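>>> Model the structure of this input:
(chains A and B)
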Amino acid sequence: MPTRLFSIFILIVSLVCSTQIFASDHQDIKIAYITQEQQVPAALSNLEPFVADKGLQGALLGLKDNNTTGQFADQSYLLEQVIVPIGGDVKQAFAEKIKQGIQLIIVNLPASQLVELQQLNNNRALLFDIATRTDTFRYKQCLSNVLHLLPSRAMRADALAQYMLKKRWNRWFLVQGNTPKDALYAQAIKRSAKRFGMKIVAEKKWLHTYDARRTAQSDIPVFTQVDDYDVLVVADEQGLFGEYISYRTWLPRPVIGTQGLVATSWHRTHEQWGAVQIQNRFKALANRQMQERDYAAYLAVRAIGEAVTRTKKNDAPSIKAYLLSERFKLQGYKGRPLSFRSWNGQLRQPVLLAAPTSLVTAPPLEGFLHPKNELDTLGYDQPETQCQ
Amino acid sequence: MKTKVLISAVSLLFVHVSLAETVFVSLEKDNAIAVVDPIAGKLIKTVNIGQRPRGIQLSPDAQTLYIATSDDDTVLEVDANTLVVKNKLPSGEDPETFAINSDGTRMYVSNEDDNQVTVIDLSTKQAVHTIGVGVEPEGIAVSPDKQWVVSASETTNMVHWIDAKTYEIKANTLVDPRPRALSFTADSQQLWVTSEINGTLMIIDVASKEITQRVHFSVPGVGKEKIQPVGVIVDKGRKWGYVALGPANRVAVINAQTYEVEKYLLVGERVWNLAFSPEQKRLYTTNGVSHDISIIDLDEHKVTKSIAVGRYPWGVAVKP
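Residues are numbered from 1 along each chain as shown, chains lettered A, B, ... in the order given. Below you'll find the model as predicted:
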C-alpha cells in the first residue's frame, strides 16, 4: 500500500515536472556493436596507416558521453562488442545477440552483409548502419528498421556539385577506377551533374595497366589529355591511383571527388561549431584522429542516448519512433540539428568538403533552397524514392 | 617635468583608462583585448593579454577584470585601471566561460574538456572545489541571491543546479539541444537559457526548475537554420530581454512580461555575447565574424553605431 501511494506520488510529480530529471527508475541500455575483422587492403602509400578499430572508438566515445549524462538521469549504457574474426560466422554472432534480446545494434559491415543481417533481424532490433554509403538502400532497396548514419554517395556528390555550381566550375572530366564501388561513385556523380546542371565533358577509366608509383609522372599527363574542362572528378574509393592525379594533369585543373577536394561526413580539419571539443575528446580516448566511421558510430550512440533521455524508454520501437519523429534534433558539431529522413532512415547532415589540411565548406550552401529542410537538398529526397 | 615624463612612460606601457565608461572586448584570434570608448565611438587601444582570450568579466566593484585565456589554461586577474596582470587563477584546463557571485568572493569556471566546474576562492586565489557536470559544460551563471550556480552542458543538454553552499547538484533540467548561455533575472526568480540547435529561448522558473516558457524566433528573409541563439541578458526591471541570434546577425528584443519578440535588431555578423552599459541605457554586442561591436540604444531599441575592434571579438565587459 505505501509503495503504491509512493508510485502514485512519483507519477504525479513526473506529470507536473516534465523537463526536470528525477532519479526514479534506473535504466540499463544495452547496445551491441557488430563488425568483422578485415584483411589489410592494398594502399597507395604507407602515409596513412590502416586503422583496425575505425568505428569502435567512436562508439566508445559516445558511450562515455552518454554515461556522463546518465549519472544525472540514472541511466547506464553498456556496449557489447562483437568482433567476428576473418572467416567467422557473422550471421550466427548476430543471431545470438538477437536471441539475447538486444534491441539496439550498431552494424559496421559492408552492404551485402548488412542486407543479410537485416533479413535475419526481421524487424526485431533497431540497426544503426555506420558503414554503407550505398544509394540503393536510400531509394530502392529500402531496409526497414535500419538507420544509415553516413552520407550516401548521392549526398556526397550533391555536396560537391553545389559547390562547383557556386564556383561555376561546370565542365567536369570524370575519371573512374575499375572497382564496382568506383562505378557506384561515378553513377552518383553523374546523377548530381544532371541535378545541378553540370556537364560531364569527358570520361575515362583508369585501368591500372602500369605501376602508378613508377609512372604517374609520365602517364597521368598523357592520360588527362582531353578537351578542356574545369575540374577533374576522380572516382577511386579505395585510393589506388587518385592521389597521383593532382599536379600531374595535362591542364592545370583542380581535382575533386574521392581525392583532392573530398566530400565527407567528418574531417580532421573541421573545428567550427564546437567540433574542436569532440576532436580533442576523441584524440584523448583513441590516440588518433577521428574518422568518419567513428563519427557515425558516435552519433548512433548519442542518438540512442537522446531518445532514451527524452522518452525514458529503451525498447527498439519507442527509440525508432522518437528518432524518426520531428522532435528528434541531434547536435552533431556541424551547426545544424541532425535528424533522420523518415522515408529511408538516412541521417540528415551537412557534408564537409575538405582539402587535406583545410576545410573548404560545408554544404548545403546558401541559396540551395528546400521547402522543408535545406539538408534535404543533398541526396535522395522524398519524391525521388520508393522508400516509405 | 620629471613626473610628466614618467606618467607618459607609464601610459605607454599600461593603458591608463580614466573615462566615464569603458568597454573591454576579448579578441579570440588576436590574443588581445580591445579597449573601447563607446561614447566617442572609438577603439582606444588593443592590449596583448594571452592566448585565445574568451570569457571576460569585471568584479562587482569594477576594479578587477577577469579574462579567461583558454589556451593558457588560466583566468587572468587584471587591474581594470592599468590593465596590468595581477594574478593567474587556477581555472583548470581550457577555461572558456565563468561566473562571479554578487559579492565577488567566488568564481565558477566551466572546464569544457573535463566535464567539470571549478570553484575558485577569489580572496585566496585557490581552487577550492570541482564539481562533475554533463558533457561540454559551457554557459554558467550564479543567481544574484547567491543560492544557485547553474551550468549548462552542451552535449548532455541539461542545466545542472548546483547548491552554491554545498556544491552539490540538487536538480537537473532537461533543455533543448546544445544549450549555450544562461542568465538569471535580477530577482533570481527566472533563468533564461538559449538553445543554439533548436533555435529557442527557454525560461525556467527557479522555484520549480521547470521550463515555463519557450520563445521561438523568426526573422523575415533569414533561414531558420541561421537562427542560433547564444548570448542572453535581461534588464533589471525584467521589462526587456535580449538574445544574440548568432549567424542570423540579429539581436532579438523580447518583452519580458509577455515573452513576445517585439523587434529584431540588425547588428554585425555572428553576434555572440551581450553586455549592458552601467545604467542599462545601452547594450553592447560582440560580432565574431565582422570583427566589430555594435551599440544598441535601449530607449529606442536602435543600433546606433558599430566599432571595428579586432579579430574574432568574443566577450564584452563594461566598466563604469
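>>> Give me the pLDDT value at residue 270.
Here I'm looking at chain A. On the pLDDT scale, A:His270 is placed at 97.
>>> wrong one, I was asking about chain B
B:Arg270 is assigned a pLDDT of 95 by the prediction.
>>> what's the answer for B:Ala20, then?
Listed pLDDT for B:Ala20 reads 77.
>>> interface residues of chain B facing chain A?
B:112-113, B:115, B:132, B:134-136, B:153-158, B:160, B:169, B:171-178, B:197-198, B:208-211, B:223, B:225, B:228 (C-beta under 8 Å from any C-beta of the partner chain). Placement of C-beta: from N, CA and C, glycine included.
>>> how much space between A:Asn170 and A:Lys199?
Remark: distance between A:Asn170 and A:Lys199 (C-beta to C-beta, to the nearest Å) = 6 Å.
>>> should've said A:Leu149
33 Å.
>>> before we move on, the earlier item: pull out the buried residues from the residues of chain B next to chain A.
B:112-113, B:115, B:134-136, B:153-158, B:160, B:169, B:171-178, B:197-198, B:209-211, B:225, B:228 (16 or more other C-beta atoms under 10 Å in any protein chain shown).
>>> Report the secondary structure state of whichever residue of the stretch 101-250 of chain A sits closest to chain B.
Across the stretch 101-250 of chain A, the shortest distance to chain B (C-beta to the nearest C-beta) belongs to A:Gln162, at 15.0 Å. Three-state call for A:Gln162 (DSSP: H, G, I helix; E, B strand; the rest coil): helix.
>>> Hmm, it is touching A:Glu374, no?
No: using C-beta atoms under 8 Å, A:Gln162 makes no contact with A:Glu374, being 10.5 Å away.
>>> neighbour-wise, which of these two wins?
A:Gln162 (24 against 21; other C-beta atoms under 10 Å in any protein chain shown).
>>> If B:Leu89 is in a bridge, with which residues?
Per DSSP bridges, the residues bridged to B:Leu89 are B:Val75.
>>> Could you list the paired strands of the helix or strand A:Leu79 falls within along with their orientation?
Using DSSP states H and E, A:Leu79 maps to strand A:75-84. Using DSSP bridges, the strands paired with strand A:75-84 are strand A:27-36 (parallel).
>>> what's the offset of the strand it pairs with from the middle of its chain?
Chain-centre distance of strand A:27-36: 18 Å, with C-alpha atoms, centre = their mean, to the nearest Å.
>>> quick one: buried residues of that strand?
A:27, A:29-36.
>>> How about stretch A:305-321?
Buried residues in stretch A:305-321, counted by 16+ other C-beta under 10 Å: A:305-309, A:311, A:314, A:316, A:318-320.
>>> re the thing from before, look at the residue of the stretch 101-250 of chain A closest to chain B and report its pLDDT.
The model's pLDDT for A:Gln162 equals 98.
>>> same thing with A:Cys387?
Looking at A:Cys387, the pLDDT reads 85.
>>> quick one: low-confidence parts of chain A?
Scanning chain A for pLDDT under 70 picks out A:1-19, A:21-24, A:210-215.
>>> surely A:Ala183 meets A:Gln176?
Yes: with contact defined as C-beta under 8 Å, A:Ala183 reaches A:Gln176; the gap is 6.9 Å.
>>> So between the two, which is more surrounded?
Between A:Ala183 and A:Gln176, A:Gln176 has the larger neighbour count (other C-beta under 10 Å), namely 21 against 15.
>>> Run through the residues that contact the more buried one.
Counting by C-beta atoms under 8 Å, 6 or more residues apart in numbering or on different chains, A:Gln176 touches A:182-183, A:185-186, A:203-206, A:234-236.
>>> Save those as a markdown table, and put in distance to chain B and secondary structure too.
As requested, the contacts of A:Gln176 are exported to a markdown table (distance: C-beta to the nearest C-beta, whole Å; DSSP: H, G, I helix; E, B strand; the rest coil):
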| residue | distance to chain B | secondary structure |
| --- | --- | --- |
| A:Asp182 | 34 | helix |
| A:Ala183 | 34 | helix |
| A:Tyr185 | 28 | helix |
| A:Ala186 | 31 | helix |
| A:Glu203 | 36 | strand |
| A:Lys204 | 39 | strand |
| A:Lys205 | 40 | strand |
| A:Trp206 | 39 | coil |
| A:Val234 | 31 | strand |
| A:Ala235 | 31 | strand |
| A:Asp236 | 33 | coil |
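>>> For these, which entry has the maximal number of neighbours?
Busiest of the contacts of A:Gln176 [other C-beta under 10 Å] is A:Val234, holding 29 neighbours.
>>> wait, B:Val119 sits on B:Ile140?
No: at 10.8 Å, B:Val119 does not count as touching B:Ile140 under the criterion of C-beta under 8 Å.
>>> Look up the closest residue to B:Val253, ignoring the ones flanking it.
Leaving out its chain neighbours, the residue that sits closest to B:Val253 by C-beta to C-beta, 6 or more residues apart in numbering or on different chains is B:Lys263, at 4.1 Å.
>>> Mind listing the strands the helix or strand hosting the one you found pairs with, and their directions?
Taking DSSP H and E as the definition, B:Lys263 sits inside strand B:261-266. Using DSSP bridges, the strands paired with strand B:261-266 are strand B:250-255 (antiparallel).
>>> any residues touching stretch A:28-35, and which ones?
Residues contacting stretch A:28-35 (C-beta under 8 Å, 6+ apart): A:55-56, A:59, A:63, A:66, A:75-84, A:90, A:93-94, A:97, A:102-109, A:117, A:297, A:301, A:304-305, A:308, A:314.
>>> from those, which would you call buried?
Among these, those scoring as buried are A:55-56, A:59, A:63, A:66, A:75, A:77, A:79, A:82, A:84, A:90, A:93-94, A:97, A:102-109, A:117, A:297, A:301, A:304-305, A:308, A:314 (criterion: 16+ other C-beta under 10 Å).
>>> I'd like to know how far the residue nearest to B:Leu265 when sequence neighbours are not counted sits from chain A.
Nearest residue to B:Leu265, sequence neighbours excluded (C-beta to C-beta, 6+ apart): B:Val251, at 4.7 Å. From B:Val251 over to chain A the distance is 20 Å, taken as C-beta to the nearest C-beta, to the nearest Å.
>>> re earlier: what touches both of B:Val119 and B:Ile140?
B:108-109.
>>> who has more neighbours, those two?
More neighbours surround B:Ile140 than the other of B:Val119 and B:Ile140, with 24 against 18 (other C-beta under 10 Å).
>>> Next up, the contacts around the more buried one.
B:Ile140 touches B:97-99, B:108-110, B:117, B:149-152, B:182, counting by C-beta under 8 Å, 6+ apart.
>>> pretty sure it is in a helix, no?
No: counting by three-state DSSP, B:Ile140 is not found in a helix; it is strand.
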